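Enquirer: I would like the atomic coordinates for the input below:
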Amino acid sequence: MLHVIYTVVLQTGYRKADYFVVYPTARGTGAALTALVAVCVFGEELSALGVIGICAVLAGIVFLAMPNKDKTIKGGLGSGVFWGLLTGFFIASYSSLDGFAIQLLGMAPLIYYVPGMFVRLLFLGPPVLLRPFARAAFKEDLQKRWKYALFIGAAHPAAYLLVLFALLYAPLAYVAPTREISMLLALFIGASALKEKITAHKIFGVVCMLAGVILLALAK
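Expert: Numbers count the residues shown, from 1 in each chain. Model prediction:
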């Protein structure tokens, strides 16, 4: 249910505010709050290298997602920050639940994840299919973009399963920020496929994130 609420809140935020405000706020807030829960609630202990690494990854998230000067902000900065913070809260909520289930209860990642997928399908599927315009869009996607749909449909759960398996080997406070390394791939895809500029602050964000991940790998 937390994943269902997260999905609705995230998509609402993208409709009402600018992606370049909502996205970095959500990812940074989610990672930071998850690390805080891991320490304060689950009793995880972080080394000095771990704390510095988490801070470096969070800084990298902010710099990587900062819009270029030619971008305009939709819906106002305050609206984007609000929806980003709310999304980040639910990211931290389901991430903390993941850590509780995998690390403290000892549940197997597949047994934990697969039933949750059916819950999401049950709650999110019917509202989409009951709307005529949504059914038409869904049909068009299956006809014209089925290869992309098939790839995303397989890659998304596979990626999240890897996060759950990572929880078997590393503290939640380290796994949560490290998973945001995907933003590096998004940056290079945007540069090559979408012809977006790689600015100085984005390069600095790459350096921060890579340094943070290296520090987390070295942390005890």
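
Enquirer: what's the weakest-modelled helix or strand in this protein?
Expert: Across the helices and strands of the chain, mean confidence by mean pLDDT, DSSP states H and E is lowest for helix 182-193: a mean of 70.

Enquirer: Which parts of this protein are helices?
Expert: Using DSSP state H, the helices of the chain run over 2-16, 19-40, 48-65, 77-99, 109-129, 132-144, 146-166, 172-178, 182-193, 200-218.

Enquirer: next one: stretch 121-135 to chain centre, how far?
Expert: Distance, stretch centre to chain centre, for stretch 121-135: 24 Å (CA atoms, centre = their mean, to the nearest Å).

Enquirer: Need the residues that contact it.
Expert: Applying CB atoms under 8 Å, 6 or more residues apart in numbering, the contact partners of stretch 121-135 are 1, 4, 7-8, 138. From N, CA and C alone the C-beta is placed, and that goes for glycine too.

Enquirer: Buried ones among those?
Expert: Buried subset of those (neighbour count, 16 or more other CB atoms under 10 Å): Val4.

Enquirer: Would you convert the contacts of stretch 121-135 into JSON lines that also reports distance to Val57 and pLDDT?
Expert: JSON lines is the format used below for the contacts of stretch 121-135 (distance: CB to CB, whole Å; pLDDT from 0 to 100):
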{"residue": "Met1", "distance to Val57": "28", "pLDDT": "92"}
{"residue": "Val4", "distance to Val57": "27", "pLDDT": "93"}
{"residue": "Thr7", "distance to Val57": "24", "pLDDT": "91"}
{"residue": "Val8", "distance to Val57": "27", "pLDDT": "92"}
{"residue": "Phe138", "distance to Val57": "36", "pLDDT": "82"}
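
Enquirer: Nearest to Ser79, out of the contacts of stretch 121-135: which one, please.
Expert: Val8 (16.6 Å; CB to CB).

Enquirer: So the nearest residue to that closest one once chain neighbours are set aside versus Gly50, what's the distance?
Expert: Distances taken as CB to CB, 6 or more residues apart in numbering put Leu124 closest to Val8, at 8.0 Å, once the chain neighbours are dropped. Using CB to CB, to the nearest Å, Leu124 is found at 36 Å from Gly50.

Enquirer: okay, the two: which has more neighbours?
Expert: Shown here are Leu124 and Gly50; by other CB atoms under 10 Å, Gly50 has more neighbours (23 against 14).

Enquirer: which ones are touching the residue most central in space within the chain?
Expert: Nearest to the mean C-alpha position of the chain, counting by CA atoms, centre = their mean, stands Arg27 at 5.5 Å. Contact analysis of Arg27 by CB under 8 Å, 6+ apart lists 61, 65, 88, 91, 180, 183.
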